[in-house]
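[1] what follows is a predicted protein model with its sequence.
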Amino acid sequence: MQTSQFADLYQRQMIILEKSLTQSALSTQLIQNYLSAFYQTDSHFGKMTLRIGQYCDILSRLMIGAKLTNALFITACNPHSQLQCTPINDLLQIQLHKQLTHYSPWIYPGESIDPRNHWPAESSYLTLGIDLLHSIQIGIQFKQNAIVWCDVDAVPRRILLR
């Protein structure tokens, strides 16, 4: 993806920099990897795959059913994109789940998947009803480079935290 395409996604607010940042510290390749990833979970409406910038009908139905207007898709695995062993990632995911329960009872386990299989799938959670500010705070707390956040329009956006 070329810089002009990133600029277009930024203009359409599919990539959002955390408000205190003026430029991302993340490489163009890493951002591209995040944008091409699949964010999957199961729900009572069936399997859901979130794609950055693409409307998700199942997510919309989940939010409407819960009478909520936003959602966070996040992992605690591999902080700052530094590969960790499975036991450490599992512990981080347990801590993340505990944190998410303070904000919402609507938590769905899922996975962040690299479609090219260059990066291992990461255990993740879709959590309904966490506003953008708290979503950013949780992402920073768990040392993530970015999070996926959706507003009432059910269009996933990549929020860059570094």
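    Here it is on my side, so go on.

[2] tally up the residues packed near the closest residue to Ser104 other than its chain neighbours, please.
    Among residues not flanking Ser104 along the chain, Gly129 sits closest, at 4.4 Å (CB to CB, 6 or more residues apart in numbering). (Glycine included, C-beta is placed from N, CA and C.) Gly129: 18 surrounding residues under other CB atoms under 10 Å.

[3] now do the phi/psi pair for Gly129.
    phi 90, psi 20 (degrees, to the nearest 10).

[4] I'd assumed Thr101 was in contact with it.
    No. Between Gly129 and Thr101 no contact is recorded; they are 11.8 Å apart, counting by CB atoms under 8 Å.

[5] dig out what Ser124 forms beta bridges with.
    Note on Ser124: beta-bridge partners by DSSP bridges are Gly110.

[6] distance of it from Lys67?
    Going from Ser124 to Lys67 by CB to CB, to the nearest Å gives 24 Å.

[7] more neighbours, those two?
    More neighbours surround Ser124 than the other of Ser124 and Lys67, with 25 against 8 (other CB under 10 Å).

[8] in contact with the more buried one, which residues?
    39, 41, 73-75, 77, 109-112 (CB atoms under 8 Å, 6 or more residues apart in numbering).

[9] could you flag which of the residues you listed are buried?
    Buried by 16 or more other CB atoms under 10 Å: 39, 41, 73-75, 77, 110-112, out of those.

[10] how many neighbours does the residue nearest to Trp106 when sequence neighbours are not counted have?
    Leaving aside its chain neighbours, Trp106 sits nearest to Leu128 (3.7 Å; criterion: CB to CB, 6+ apart). Using other CB under 10 Å, Leu128 is surrounded by 23 other residues.

[11] could you measure from Leu128 over to Leu59?
    Taking CB to CB, one finds Leu128 at 9 Å from Leu59.

[12] any shared contact partners between these two?
    Residues touching both Leu128 and Leu59 by CB under 8 Å, 6+ apart: Ala71.

[13] and the strands in the chain?
    In the chain, the strands defined using DSSP state E lie at 15-17, 38-43, 46-50, 71-74, 107-113, 122-128, 146-150, 156-160.

[14] and those strands, which is most packed in?
    Across those, averaging neighbours per residue (mean count of other CB atoms under 10 Å) puts strand 71-74 on top, at a mean of 26.
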